[in-house]
Structures are given as C-alpha cells and as structure tokens.
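> what would the 3D arrangement of this be:
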Amino acid sequence: MIKKTLSEKLIQESRGILIRNIINLILTLMGIILIALVWGVKQADLAVFIGSVLTVVGVAFFAQWSILSNITSSIIIFFNHPVKLNDSIIILEGKDYVIEGKVANIGLFFVTLETEDSGEITLPNNLFILKSIKNITNEKRIQAKANDNIQ
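Got it, this is the predicted structure:
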C-alpha cells in the first residue's frame, strides 16, 4: 500500500522508508505486547508498565507538541492530501492575501513551495493541511480530460 501511494503521489522514496519504519515500530510493539500476554504476564502489570511509559512519553511530547503535530500531519499528507510534488497551487491565506507556487518538497516537518517572485516558502505541515488550497495543476488535468472526452 505504501509503495502504491509513493508511485501515485510522486513522493520521495526516503519519505516512504520513514512511513514504513513508523508502521514497523507500531507492529513490533503490538507483537511484543501480544507475546508478553501469551507468556503469562499479568494484564494489570502490563497495563501499569504501559501507562507509566506513556505518561513519560506524553510529558516529553507535551513540551514538543508542535513536532508531534507536524509528524502526524506529514502522515496525513502522505496518505490523503490531494497535492503532489510539482503541483502548482494557490494557498488562500485571507481575503486579500494568497500564496502561489509550485510544490518543491513535502518533508517530515515542512512543505516547500517555489514561488516566482520570492524564491522559496516553507510551511509547517500542520498549517499546510489547515489551509484552503486551490490546485491549479489538478484543474488543468481535469480540463484536459474533459477536452479529450469531447473530442
């Protein structure tokens, strides 16, 4: 599923490796918990241990919530966002302010846009998924498909 998403969305292979590593980590942790239960570790003891670990991790991530938010947003962009590399987009910031550019990079923490006038703009992933985006490249594809159907 990850390889299919990589090829469809033209995302860097390094990003796919990162997503695979995260999924492997989650599956490994689930496997360890299952093995511990099969070996007879009491559920109450396991729950106390997991609760303690999650509390420590939660406190650590609370200090770094924006990093966690960007990583989560990166996974959402990877699987569900309609914007791909090299798409020309317009980000509607407000009534009178828009950002127009071409998607140059979709990373773990930032999306980089190349603009005609100001070079590069980087947006944190958690803000990128919250913005209203008009995909100019996608509109051109739809229009070209409609023109082919008419002819």
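
> which residues touch whichever strand or helix holds Leu127?
Element membership for Leu127, per DSSP states H and E: helix 125-128. Defining contact as Cβ atoms under 8 Å, 6 or more residues apart in numbering, one finds that helix 125-128 is touched by 66, 69-74, 77, 107-111. In short, each C-beta sits where N, CA and C put it, glycine included.

> same list, those residues, but as TSV with pLDDT and secondary structure please.
Formatted as TSV, the contacts of helix 125-128 follow (pLDDT from 0 to 100; DSSP: H, G, I helix; E, B strand; the rest coil):
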residue	pLDDT	secondary structure
Ser66	73	helix
Ser69	82	helix
Asn70	82	helix
Ile71	82	helix
Thr72	84	helix
Ser73	86	helix
Ser74	84	helix
Ile77	83	helix
Gly107	84	coil
Leu108	83	coil
Phe109	86	coil
Phe110	89	strand
Val111	89	strand
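
> a markdown table for those residues, including distance to Leu127 and neighbour count?
Listed next are those as a markdown table, based on distance: Cβ to Cβ, whole Å; neighbours: other Cβ atoms under 10 Å:
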| residue | distance to Leu127 | neighbour count |
| --- | --- | --- |
| Ser66 | 10 | 11 |
| Ser69 | 10 | 17 |
| Asn70 | 9 | 19 |
| Ile71 | 14 | 18 |
| Thr72 | 13 | 13 |
| Ser73 | 8 | 21 |
| Ser74 | 12 | 26 |
| Ile77 | 11 | 21 |
| Gly107 | 14 | 16 |
| Leu108 | 15 | 16 |
| Phe109 | 11 | 15 |
| Phe110 | 10 | 17 |
| Val111 | 9 | 26 |
